[in-house]
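Chemist: using only what follows, build the 3D model:
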Amino acid sequence: MRRLRQLAERTPAGRERYVDLLRALAITLVVFGHWAVTVIGRDTAGQATGHSALGDLRWAYPLTWLAQVMPVFFLVGGYANAASLTRLRARGGDAAGWLIDRSARLVRPTSTLLLVLTAAAAVAWLRGADPTQIREVFWFATIPLWFLIAYLATVVLTPPMYALHRRLGLAVPLVLVALVGLGDLGRLTGPEELSYGNYLFGWLAVHQLGFAWHDTRAGPSTPDQSGVRRRRLPISRRAGLVFLVGGFGAVLLLTVLGPWPVAMLKVPGERLDNAAPPSLALLAVAAGQVGVILLLRGPAERLLRRTGPWQLVIGVNLVVLTVFLWHLTAAILLIGLLDAIGTLPTPAVDSAAWWAWRVPWLLLLSAVLAVLVAIFGPVEARSGRHRTGRRAGRGTPTRMALAVAAYAAVVAALLLNSTTGQQAPEPLGTPVPALVAYLAGAGVLRLLRSGWGTRG
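Modeler: As a prediction, the model looks like this:
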């Protein structure tokens, strides 16, 4: 509590506290959303299994327009990345130093998760566990890495995309939305390969809006000052209403009259998935969510001027990635524990017993996750204090190339893990090439953070 109080007291007057609140709320909603829709059953062999309840809760599909909060995370990520990049450059740092700085907060907590899971898988294999079952558990625990793949890619592209934003402003996300539309056309009429770029274009479009939001902090301007106004995100209440009505109105047209699914989360059996890759419908939801965010901004900022709420937001943000990365591992541990002692409930989805089980289920999961965060959260909290660029100055072009190559290795490794089949026989839980590539990329970033490759 003392550290939280000190951090709250040292908060700069100009900090956009609302961004930190949105990040904390987004991750909290993801965690509780995943837990809430989990259905536990048993396979033919009597083993505990889990799946999403959304396929049986069609009435809940419109609720996913607010429950799908990954656009919020990319929006605030764009704001935070623009803010940290401009601060570092003001101190004389460069893009390479910024990328290396960001890797501390993003890669170190991820490395902890993967190393712990891999070690547990190796122990289970040596004790005679079936490699297929090991992979199933590992696959479920690492589902959150799907998001991290896209986010790491946007981080690598932040320096050039921010430069493009400074030049072309809000035209950039409009072009990206058009590219998403082209990808959707490929999914609907073929060839489907046209849609693969949507995994990047969709999230980049929302990330660019975060840049535009950050530009609103630059102070008053006139239209002829390097086109500043055209780069800014309109943040008035009127703009909020336009985003809200326009965004959710477009969603209605695209899903009720158009071919896109109503649900913004993955539903078993649906031909299309709005989130994988991001669709026009999901981007319309993102626009509607921006409207909600703008309309709630005033009350939220007044709340965050109070010490208690602001300290709570700081505390969540210190370990926000740890909470996200470990929340499904918490579910695995709780299911395993309850199954081992013979008290694992398996009520039918949408039954009275299933709904009654939601409250104790969420409370128990919160307790397990709290233990995991207490153990592994300090890795992320310490990473947040690391600032390579502050002391490293400008590095060589080789340093930048190494940083990008290291990020690419990490992303490729996470992608290989996520695309490997759920029932592939993997004694270590993940393919060995993925593990080697990840360790190589993370190792190079660790060396770069230590100052290796810096001139002088």
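Chemist: show me the contacts for residue 61.
Modeler: With contacts defined as CB atoms under 8 Å, 6 or more residues apart in numbering, the neighbours of residue 61 are 54, 261-263, 267. Every residue, glycine included, has its C-beta placed from N, CA and C.
Chemist: same question, residue 403
Modeler: Residue 403 sits next to 96, 99-100, 103, 444-445, 448 when contact means CB under 8 Å, 6+ apart.
Chemist: what helix or strand does it sit in?
Modeler: Under the criterion of DSSP states H and E, residue 403 resides in helix 397-419.
Chemist: what does the average pLDDT come to for that helix?
Modeler: Per-residue pLDDT values over helix 397-419 give a mean of 94.
Chemist: again, but for stretch 28-43
Modeler: 91.
Chemist: low-confidence ranges in this protein?
Modeler: Residue ranges of the chain with pLDDT under 70: 218-230, 384-395, 453-456.
Chemist: where do the strands of it begin and end?
Modeler: With DSSP state E as the definition, the chain shows strands at residue ranges 38-42, 48-52.
Chemist: quick one: buried residues of the first one?
Modeler: Spelled out, that is strand 38-42. 38-40 (16 or more other CB atoms under 10 Å).
Chemist: now do the last one
Modeler: In terms of neighbour count (16+ other CB under 10 Å), strand 48-52 has its buried residues at residue 52.
Chemist: what packs against it?
Modeler: With contacts defined as 3 or more CB pairs under 8 Å, 6 or more residues apart in numbering; DSSP states H and E, the secondary structure elements packing on strand 48-52 are strand 38-42, helix 320-340.
Chemist: tell me what angle the longest one forms with strand 38-42.
Modeler: For helix 320-340 and strand 38-42, the angle between their directions (axes from the mean of the first three to the mean of the last three CA atoms, to 10 degrees) works out to 30 degrees.
Chemist: ok, and what's touching helix 320-340?
Modeler: Contacts for helix 320-340 (CB under 8 Å, 6+ apart): 23-24, 27-28, 30-31, 34-35, 38, 40, 48, 50, 105-106, 109-110, 113, 117, 137, 140-141, 143-145, 147-148, 316, 344-345, 364-365, 368-369, 372-373, 376-377, 379-380.
Chemist: could you turn the buried ones of these into a ChimeraX selection?
Modeler: Below is the selection syntax for ChimeraX that covers the buried ones among the contacts of helix 320-340, with 16+ other CB under 10 Å defining burial:
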select :23,24,27,28,30,31,34,35,38,40,105,106,109,110,113,117,137,140,141,144,145,147,148,316,364,365,368,369,372,373,376,377,379,380
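Chemist: that older thread, a markdown table for the helices and strands packed on strand 48-52, including distance to residue 181?
Modeler: As requested, those are arranged in a markdown table below (distance: least, CB to CB, whole Å):
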| stretch | distance to residue 181 |
| --- | --- |
| strand 38-42 | 34 |
| helix 320-340 | 30 |
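Chemist: winner for burial among these?
Modeler: Mean neighbour counts were compared across the helices and strands packed on strand 48-52 using mean count of other CB atoms under 10 Å; the top stretch is helix 320-340, at a mean of 20.
Chemist: if we can go back for a sec, and the strands of the chain as TSV, adding distance to residue 174?
Modeler: Compiled in TSV, the strands of the chain are given as follows (distance: least, CB to CB, whole Å):
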stretch	distance to residue 174
strand 38-42	38
strand 48-52	33
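Chemist: nearest to residue 280, out of those?
Modeler: Checking these against residue 280 by CB to CB gives strand 48-52 as the closest, at 23.4 Å.
Chemist: show me the contacts for the closest residue in space to residue 182 that isn't next to it in sequence.
Modeler: Distances taken as CB to CB, 6 or more residues apart in numbering place residue 194 nearest to residue 182, at 6.2 Å, with adjacent residues excluded. When contacts are counted by CB under 8 Å, 6+ apart, residue 194 touches 182-183, 185-187.
Chemist: please pick the buried ones from those residues.
Modeler: For the contacts of residue 194, a burial check counting by 16+ other CB under 10 Å picks out 183, 186-187.
Chemist: out of the residues you listed, which is nearest to residue 252?
Modeler: Distances from the buried ones among the contacts of residue 194 to residue 252 were compared by CB to CB; the smallest belongs to residue 187, at 20.2 Å.
Chemist: would CSV of the contacts of residue 61 with distance to residue 169 and neighbour count be doable?
Modeler: Below are the contacts of residue 61 laid out as CSV (distance: CB to CB, whole Å; neighbours: other CB atoms under 10 Å):
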residue, distance to residue 169, neighbour count
54, 38, 21
261, 32, 21
262, 33, 19
263, 33, 26
267, 36, 20
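Chemist: ok, of the residues you listed, which one's closest to residue 252?
Modeler: Of all those, residue 262 has the smallest distance to residue 252: 9.4 Å, by CB to CB.
Chemist: torsion angles phi and psi at the closest one?
Modeler: Main-chain dihedrals, residue 262, degrees, to the nearest 10: phi -70, psi -40.
Chemist: return the subset of the contacts of helix 320-340 lying in helices.
Modeler: Here DSSP state H is the test, and the contacts of helix 320-340 give 23-24, 27-28, 30-31, 34-35, 105-106, 109-110, 113, 117, 137, 140-141, 145, 147-148, 316, 364-365, 368-369, 372-373, 376-377, 379-380 as lying in helices.
Chemist: how close does the residue nearest in space to the middle of the chain get to residue 62?
Modeler: When the chain is reduced to its mean C-alpha position, the closest residue under CA atoms, centre = their mean turns out to be residue 147, at 4.8 Å. Noted for residue 147: a distance of 23 Å to residue 62, by CB to CB, to the nearest Å.
Chemist: same deal with residue 350?
Modeler: With distances taken as CB to CB, residue 350 is found 17 Å from residue 62.
Chemist: between the two, which has more neighbouring residues?
Modeler: Neighbours per residue, other CB atoms under 10 Å: of residue 350 and residue 62, the larger number sits with residue 62, 16 against 13.
Chemist: for stretch 89-106, which positions count as buried?
Modeler: If you call a residue buried by 16+ other CB under 10 Å, then stretch 89-106 has these buried ones: 89, 93-106.
Chemist: now, the most widely separated pair of those?
Modeler: Using CB to CB, the two most remote members of the buried residues of stretch 89-106 are 89 and 106, lying 19.7 Å apart.
Chemist: re the thing from before, go through the strands of the chain and name the closest to residue 122.
Modeler: strand 48-52 (22.3 Å).
Chemist: mind saving the C-alpha coords of the closest one as PDB?
Modeler: Coordinates of each C-alpha in strand 48-52 appear next as PDB, following Å, rounded to 0.1, in the frame of the first residue of the first chain:
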ATOM      1  CA  ALA A  48     -12.700 -33.200 -17.200                       C
ATOM      2  CA  THR A  49     -13.100 -31.000 -20.300                       C
ATOM      3  CA  GLY A  50     -14.100 -27.400 -20.800                       C
ATOM      4  CA  HIS A  51     -15.700 -25.300 -23.600                       C
ATOM      5  CA  SER A  52     -17.500 -22.000 -24.100                       C
END
